[in-house]
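1. structural data only, the sequence is not supplied:
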Ligand SMILES: Cc1ncc(COP(=O)(O)O)c(C=O)c1O
């Protein structure tokens with residue numbers, strides 16, 4: 001079969017026939033068929049190039065040759081499971097640990113972000129002996145049953161949604177649209193006190209807290225950057241109640257935020273989670289993920305008496321790929337690039353904000369940037385349809401961007417870390433006339 005493969009219509013027909021209808025596709029009225037990719041670019045069946053501003057999985061660039069080579073070479077040599085000794089497993093665990101605070105020293109390798117978070121819950125339940133979980137508004141932590149329960153982003157989509165009695169939802173620490181805004185000097189404390197109140201209510205019901213789980217920066221929840229000090233205070237309340245702090249780094253880890261390797265480190269050196277979960281970028285597209293925790297939590301998990309075995313987690317091929325990803329991040333200074341290009345992108349977007357009243361807020365760290373569109377900068381009325389229009393018009397011009405958040409009005413930038421300042425200029429040059437056009441149409445309609 002050629003690289004082009006099937007005629008596009010045939011691919012669509014077969015997909016409709018054989019793939020579950022709830023598996024959604026981007027741009028459903030005219031989906032894109034991607035047949036190859038390199039760096040920050042993807043190519044369709046006609047060879048047309050798309051600039052990829054959203055793919056945080058292809059972290060070091062699509063099909064990076066060093067990563068492909070590492071995987072292919074190990075695949076030609078051996079692939080097996082963690083019941084055999086293998087250097088790749090221990091060397092990778094050691095390398096990953098070196099990026100984390102000392103206390104986080106024990107790894108469990110799994111295959112997806114969902115598996116990582118599900119295991120994190122099991123660790124928390126076993127270690128604390130408690131059951132209840134505190135999660136954040138609009139959070140998404142994965143697609144398996146245990147995680148749908150703690151993912152308001154998902155369970156709110158069900159018309160007959162019934163929140164599990166052991167799950168408690170705290171306000172998202174969103175200082176733009178949330179309950180407490182950035183102009184409050186104590187926003188971090190105000191949001192953390194909400195968690196404290198939940199803990200008190202849980203105790204009154206006779207329940208006990210096992211864990212607080214949050215993404216270090218909320219992604220699907222609308223590119224939310226929690227105020228500094230929030231995690232420290234939450235951790236204090238949760239630990240006092242006998243629970244643990246789980247930081248979900250599935251979207252935002254591995255240098256994306258630029259100034260630090262892990263996004264939870266943005267809160268300061270005095271904050272260390274008890275469990276960290278990783279996924280997406282860890283294997284640059286190869287399905288692998290990891291849970292890292294403390295020796296104490298791991299010993300407690302061991303004391304249950306049950307073996308932990310995962311057929312594919314931590315296999316020599318995955319670990320070779322994981323090592324190659326870390327090598328490329330270092331060799332190409334991709335964390336530094338995320339910091340520099342992210343800052344540049346934020347600056348050029350800020351200039352757009354001066355021109356276009358539709359832009360309500362620009363927030364980000366490194367190459368994790370959100371642009372919130374609003375119809376009114378005082379009332380913060382979400383500009384949902386407008387955000388969709390930006391996305392669709394950009395797609396017509398071969399730039400891939402997405403919109404998310406509870407109102408689907410936040411334009412999300414989370415490109416491969418090889419994104420350049422020229423790429424930033426290109427996308428912003430295209431956004432500018434689109435926003436101008438939307439404004440003119442709105443004025444005409446008055
Ligand atoms: C924050 C977060 N955690 C966990 C997951 C689940 O990861 P996966 O789709 O690899 O199971 C996702 C997926 O989008 C995510 O965004």
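-> Perfect, I can see it now. Being a predicted model, the structure only gives us computed values, none of them experimental.

2. return the residues of the chain in contact with the ligand.
-> Proximity of the chain to the ligand, by CB under 6 Å from any ligand atom, involves residues 112-114, 117, 140-143, 215, 219-220, 248, 250-251, 279. Bear in mind the C-beta positions are built from the backbone N, C-alpha and C, glycine included.

3. look up phi and psi at residue 248.
-> phi -90, psi 110 (degrees, to the nearest 10).

4. can you get me a residue count around the residue nearest to residue 244 when sequence neighbours are not counted?
-> Nearest non-adjacent residue to residue 244, counting by CB to CB, 6 or more residues apart in numbering: residue 274, 3.8 Å away. For residue 274, the neighbour count with other CB atoms under 10 Å is 25.

5. also residue 414?
-> Residue 414, neighbours per other CB under 10 Å, totals 28.

6. where do the strands of the stretch 201-350 of the chain begin and end?
-> 209-215, 244-248, 275-278, 289-293 (DSSP state E, counting those that start in this stretch).

7. counting contacts, what elements does the third one pack onto?
-> Strand 275-278 makes packing contacts with helix 113-128, strand 244-248, strand 289-293 when contacts are defined by 3 or more CB pairs under 8 Å, 6 or more residues apart in numbering; DSSP states H and E.

8. turn the ones you listed into CSV, including mean pLDDT and distance to residue 314.
-> Shown next, in CSV, are these (pLDDT from 0 to 100; distance: least, CB to CB, whole Å):
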stretch, mean pLDDT, distance to residue 314
helix 113-128, 98, 12
strand 244-248, 98, 20
strand 289-293, 98, 8
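
9. give me whichever of those is most buried.
-> strand 244-248 (a mean of 29; mean count of other CB atoms under 10 Å).

10. of the strands of the stretch 201-350 of the chain, which approaches residue 372 most closely?
-> When the strands of the stretch 201-350 of the chain are compared by CB to CB, strand 209-215 sits nearest residue 372, at 17.3 Å.

11. show me what counts as buried in the closest one.
-> 209-215 (16 or more other CB atoms under 10 Å).

12. need the helices and strands packed on strand 275-278 in CSV (columns: distance to residue 13).
-> Formatted as CSV, the helices and strands packed on strand 275-278 follow (distance: least, CB to CB, whole Å):
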stretch, distance to residue 13
helix 113-128, 30
strand 244-248, 37
strand 289-293, 33
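
13. closest to the ligand out of the buried residues of strand 209-215?
-> residue 215 (4.8 Å; CB to the nearest ligand atom).

14. wait, the closest one sits on residue 248?
-> Yes. Applying CB atoms under 8 Å, one finds residue 215 in contact with residue 248, separated by 4.5 Å.

15. and after the helix or strand encompassing residue 364, which helix or strand comes next?
-> According to DSSP states H and E, residue 364 maps onto strand 359-365. Counting by DSSP H and E, the next helix or strand C-terminal to strand 359-365 is strand 368-373.

16. ok and that following strand relative to strand 359-365, angle-wise?
-> 170 degrees (axes from the mean of the first three to the mean of the last three CA atoms, to 10 degrees).

17. does anything pack onto the helix or strand that strand 368-373 is followed by? Which helices or strands?
-> Reading on from strand 368-373 to the C-terminus, the next helix or strand found by DSSP H and E is helix 384-396. Under the contact criterion of 3+ CB pairs under 8 Å, 6+ apart, helix 384-396 touches strand 368-373, strand 402-404, strand 410-413, helix 421-445.

18. all set, thanks.
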